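Trainee: Quick one, structure for this:
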Amino acid sequence: MMLLYLLTALFLAACAGFARSCRAVRSVVSVFFGVQLLFALWLVAGGRTDATSSVFFTFDRLGMLFFVLMTVVSSTAFFQSSRYLDAENLHEHKVYKISLMLLCASASAVYFANNVAVTWIFLEATTLCTAGLVYHRRDERSLEATWKYIFVCSTGIAVAYLGILLLGTVAVGGDMSYRSLSEGVLTGNPLYLKIAFLFILVGYSCKMELFPLYTIGVDANFAAPTPASAVISTVLVNAGFVSVFRVYRLVAPSPVGEWASQVLVIAGVLSVLVGAVFLRRTNNYKRLLSYSTVENMGIVAIGLGIGGAGVFAALFHATAHTFIKSGLFFCMAQVGKTYGNYRINRIGDYIRINRVGAATILLGSVSLLAFPPSALFISEVMIFKQIVLDGKWWLLAVTVLSLCFVMYSLFSRVLQLCFRPSGKSCESAFKASPVFAWTGFALIAVSSLIGVLQPEALVSFIREIVTF
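Mentor: Here you go, the predicted structure:
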């Protein structure tokens, strides 16, 4: 089934490439997202958990969770993109939507890959697909961002490849599947395992937007069209998280498990610190949301590293973050269209121009800062509780102080956007569409409902992932 899905994506991408009108391109890509929706329903309703497909893919709970999230975000991004791309020619429509479609297909393969080498291959494929989105504007800035993205991601993936080679030393019979490696790591050389995990974490950090290679994700979001940035900051970041999570779950029971946990905590703390610093220094709203992603992935890494309830909280946090961040990016697309730029020091008084959009951005920012009823409040409290139980007071102090600075930096900038007089009236002919705002509101509201209701089905599903 997975192979059929991937072949369908390639076939539809080819059809879109030969299309002779923007309308035909939209129709073809609509078919893909319809297939993706049916695939998600087939997985969830059909009870295909832990079924193996095409040898190298397994429909486990971890992959299913993030595939469903990807289906929601990517379908919404495609719909929003059709309204956002109002001045592009046929060629630009083709490249953008084919890249978006293939990025989703590649990310899906990462979610379900049961082999560390297959995960690596499709993560590299996401680099090429994302490059098509980053270069969409075809100007000097986007060209620079594209080459930087390809170079840094390729370097990161090459570093991860070295880690995979070292991890292969414990493979039983040359089998690089996660199940086979889970047996070999128990008796593997601790030095090799430490270096392997460190290389893989550093390499995949360019996808997860985690320290040290977080900068390339920020640049990609800055250059790409804003609906595409919503996909990059959620779908692609989640692919990086899934890849790191699977490798961490391999080494956790091994003699180097505690060491790997400490590395994750350090990477997480540094990411939170980076987010706290640059949220205040940046002068662009898209970069502001991107650095927020770095900060949130840092929290996820800390939760994963401290173990216990923190692992559940990390997955819960990543799930809620997907809804909130995508909703904010969709609303921010209207800001860029309205003012013609995202400069923090040049725009303001958005509440007068688009009340629904401004209110949604305010709500999303409060949710992103983990104020109740945001689901992020639940996950962060669980992580803090686990930190206290472990007696790591230094970690609690650093994290809490950094998050206080994040709150001030992020919300003060959002208040400027909504209420500060801009000094000049907005002369843009663009009229804000309420569809963008209400779509963003719906996604953010879902996160709040998850925080308030904590659905038993979702909680049980994540617990099964943690205890598998």
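
Trainee: Provide the backbone phi and psi angles at residue 58.
Mentor: Reported as degrees, to the nearest 10, the phi and psi values for residue 58 are phi -130, psi 130.

Trainee: Thought residue 115 was touching it, still the case?
Mentor: No. In this structure, residue 58 is not within contact of residue 115 by CB atoms under 8 Å, at 9.3 Å. To be clear about C-beta, it is placed using only N, CA and C from the backbone, and glycine gets the same treatment.

Trainee: Between those two, tell me which one has more neighbours.
Mentor: Comparing residue 58 with residue 115 by other CB atoms under 10 Å, the one with more neighbours is residue 58, at 22 against 19.

Trainee: where exactly do the helices run in the stretch 51-200 of the chain?
Mentor: If DSSP state H, counting those that start in this stretch is used as the criterion, the helices of the stretch 51-200 of the chain fall at 61-84, 90-112, 116-134, 140-167, 178-184, 190-208.

Trainee: roughly how far apart are the closest residue to residue 80 other than its chain neighbours and residue 218?
Mentor: Excluding its sequence neighbours, the residue lying closest to residue 80 (CB to CB, 6 or more residues apart in numbering) is residue 227, at 4.5 Å. When distance is defined by CB to CB, to the nearest Å, residue 227 is 17 Å away from residue 218.

Trainee: neighbour-wise, which of these two wins?
Mentor: When neighbours are counted by other CB under 10 Å, residue 227 comes out ahead of the other of residue 227 and residue 218, with 28 against 23.

Trainee: List the contacts of the more buried one.
Mentor: Taking CB atoms under 8 Å, 6 or more residues apart in numbering as the criterion, residue 227 is in contact with 77, 80, 81, 84, 329, 330, 333.

Trainee: now the helix or strand containing it: how far from the chain's centre is it?
Mentor: Taking DSSP states H and E as the criterion, residue 227 maps to helix 226-231. Here helix 226-231 is found 10 Å from its chain centre; the criterion is CA atoms, centre = their mean, to the nearest Å.

Trainee: Could you give the average pLDDT over it?
Mentor: On average, the pLDDT along helix 226-231 is 93.

Trainee: immediately after that helix, which helix or strand?
Mentor: Next along from helix 226-231, by DSSP H and E: helix 237-251.

Trainee: neighbouring contacts of that next one?
Mentor: By CB under 8 Å, 6+ apart, helix 237-251 touches 62-63, 66, 69-70, 106-107, 110-111, 116, 119, 123, 126, 167, 178, 181-182, 185, 193, 197, 200-201, 204-210, 217, 257, 260, 264, 293, 297, 300-301, 304, 318, 322.

Trainee: Repeat the analysis, applying 7 Å as the threshold.
Mentor: In this structure, residues lying in contact with helix 237-251 by CB atoms under 7 Å, 6 or more residues apart in numbering are 62, 66, 69, 107, 110-111, 119, 123, 126, 178, 181-182, 185, 193, 197, 200-201, 204, 207-209, 257, 260, 264, 293, 297, 300, 304, 318, 322.

Trainee: domains in the protein, as residue ranges please.
Mentor: 1-255, 256-468 (automatic domain parsing).

Trainee: What's the mean pLDDT across the last one?
Mentor: Per-residue pLDDT values over domain 256-468 give a mean of 90.

Trainee: Then stretch 216-223?
Mentor: For stretch 216-223, the per-residue pLDDT averages 91.

Trainee: Same question for stretch 238-248.
Mentor: Averaging pLDDT along stretch 238-248 yields 96.

Trainee: C-alpha coordinates for that stretch, CSV please?
Mentor: Provided in CSV are the C-alpha atoms of stretch 238-248 (Å, rounded to 0.1, in the frame of the first residue of the first chain):
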residue,chain,number,x,y,z
ASN,A,238,7.9,16.3,12.6
ALA,A,239,9.8,14.1,10.1
GLY,A,240,13.0,15.1,11.7
PHE,A,241,11.5,14.5,15.2
VAL,A,242,10.3,11.0,14.1
SER,A,243,13.8,10.1,12.8
VAL,A,244,15.5,11.2,16.0
PHE,A,245,12.9,9.5,18.1
ARG,A,246,13.3,6.2,16.4
VAL,A,247,17.1,6.3,16.9
TYR,A,248,16.8,7.4,20.5
